[in-house]
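Novice: starting from these lines, generate the structure:
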Amino acid sequence: MFTLIMLTGLITWQCSKQTIENGNTNSSSSLKSSLTTATNNLNTAITQITETKGYQLLSISNVNTTQSASIETAGYQDSITLATIAGIYAYKPVTYNNWCFQCYNKLFTKTGTSTNLVVELPSAKVFYPQRFHLVTPADTSLPNNFVITATNYHYYFSYGFLYDYNLVASLAISDTAIGNLAIASTSSSYSNYKYASSYNFANGDKISVSVTSGDTASSSVTLSNASSTLFMETVNAIQTTGSYYRERQYILEVGNVEFTRNAGSDSITVYVGGVLQNHAKVQIIDKSTSGGINTLIVGRNRDLQVTFNDSTTTTLSTLLGPSVTALQSLVTAMQNLYFATDVVDYIAESIYKNQTE
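Specialist: Numbers count the residues shown, from 1 in each chain. Now for the predicted structure:
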């Protein structure tokens, strides 16, 4: 019964879409106005995001402070779960140990119980994680104004590339929420892994990134607000030989404008609000010949050239202007998330280490 309902709904949707496509609604002028509006909305959102503390947090650089920052070199296996490190902790250096780079237990003191991992620490330490290595007498005067509340945490790592990682946490500065972070990542080998991360900004905007390897691989990026998708780019590919992939499908959505290219076709299908634009002229410009799941606009190696009905031509990167660089940087930050490895994992490992020693 459920299958029959699903099939009936699908057939109805396809017929409805076909009717619209056959109607006289294929104006390329609507494509130009819609794409201009969509990119303007995207530019506004990206500008607002880059001014937030959340963006600043995601953009911190790597300092390789923990084993989790280089899990592939781990010569042992272990597992840290939320249950083993749950509680309320405060950054409270016990002694001045500027020379001791591994004195994790000198940094955090348990101040209460909780089923979550709640950590209070100075924002000066969070936004500059390399300072975790340097404890000075002045640190005792720093306010613990940054709060990490992890409601889910699991980190299992073993020899080679075998690991399983999960983190869900809310973040706040001086009792003001700056966002929510979620990461789920697993790997059973160098070429078999899944990764997904998302960050909800305080204003309701959300960035999501996912990568899946294997015989059928995919890479996807989505930026949305509370009511709609502002940007979505997806590549689906199949493995050919070794680590090489052949693109099977490319989908780009900017607001209500969708560009799609399927396997075996050089042409690009364009929709505006679900309506097929028969006369749209769009060309994909690849800046790299490597192909595969990393061939994305947000990957800095692809662009789209659009010729409108009035014969004017532009590219998506031109319409986005400086915002395309900010979006690319945001996606790179979401793929690396050094805040997780250099701050959250550092804290989790230091608490765990203190308990097991």
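Novice: report the beta-bridge partner residues of Thr307.
Specialist: Taking DSSP bridges as the rule, Thr307 bridges to Lys281, Thr313.
Novice: gap between it and Phe259?
Specialist: The gap separating Thr307 from Phe259 is 13 Å, by C-beta to C-beta, to the nearest Å. All C-beta spots, glycine's among them, are computed from the backbone N, C-alpha and C.
Novice: go on, Tyr163?
Specialist: Counting by C-beta to C-beta - Tyr163 and Phe259 are separated by 36 Å.
Novice: what's the answer for Arg246, then?
Specialist: Arg246 is 19 Å from Phe259, by C-beta to C-beta.
Novice: more crowded one of those two?
Specialist: More crowded of Arg246 and Phe259, by other C-beta atoms under 10 Å: Phe259, with 22 against 12.
Novice: so what's the more buried one up against?
Specialist: Under the criterion of C-beta atoms under 8 Å, 6 or more residues apart in numbering, the neighbours of Phe259 are Tyr250, Ile251, Leu252, Glu253, Ile268, Thr269, Val270, Val282, Leu304.
Novice: could you check how far the second one is from Ser224?
Specialist: If I follow you right, that is Ile251. The gap separating Ile251 from Ser224 is 15 Å, by C-beta to C-beta.
Novice: now the helices for the stretch 51-200 of the chain?
Specialist: Using DSSP state H, counting those that start in this stretch, the helices assigned to the stretch 51-200 of the chain run over residues 53-58, 82-85, 123-126.
Novice: format those as a markdown table; extra columns: mean pLDDT and distance to Ser228.
Specialist: A markdown table is the format used below for the helices of the stretch 51-200 of the chain (pLDDT from 0 to 100; distance: least, C-beta to C-beta, whole Å):
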| stretch | mean pLDDT | distance to Ser228 |
| --- | --- | --- |
| helix 53-58 | 95 | 20 |
| helix 82-85 | 95 | 34 |
| helix 123-126 | 90 | 32 |
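Novice: of those helices, flag the one that's most buried.
Specialist: Stretch with highest mean neighbour count among these: helix 53-58 (a mean of 21; mean count of other C-beta atoms under 10 Å).
Novice: can you list contacts of that one?
Specialist: Applying C-beta under 8 Å, 6+ apart, the external contacts of helix 53-58 come out as 49, 126-127, 171, 173, 178-179, 199, 201-202, 330, 333-334, 337, 339.
Novice: which of those are buried? Put it as a PyMOL command.
Specialist: Per 16 or more other C-beta atoms under 10 Å, the buried members of the contacts of helix 53-58 correspond to this PyMOL selection:
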select buried, resi 49+126+127+171+173+178+179+199+201+330+333+334+337+339
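Novice: out of the contacts of helix 53-58, the closest to Ile347 would be?
Specialist: Val126 (10.0 Å; C-beta to C-beta).
Novice: the closest one: what's it in contact with?
Specialist: Leu57, Phe146, Phe339, Val343.
Novice: do that again at 10 Å, thanks
Specialist: By C-beta atoms under 10 Å, 6 or more residues apart in numbering, the contact list for Val126 reads 53, 56-57, 60, 91, 119, 132, 145-146, 148, 171, 173, 339, 342-344.
Novice: surely Leu316 and Asp303 touch.
Specialist: Yes. With contact defined as C-beta atoms under 10 Å, Leu316 reaches Asp303; the gap is 6.1 Å.
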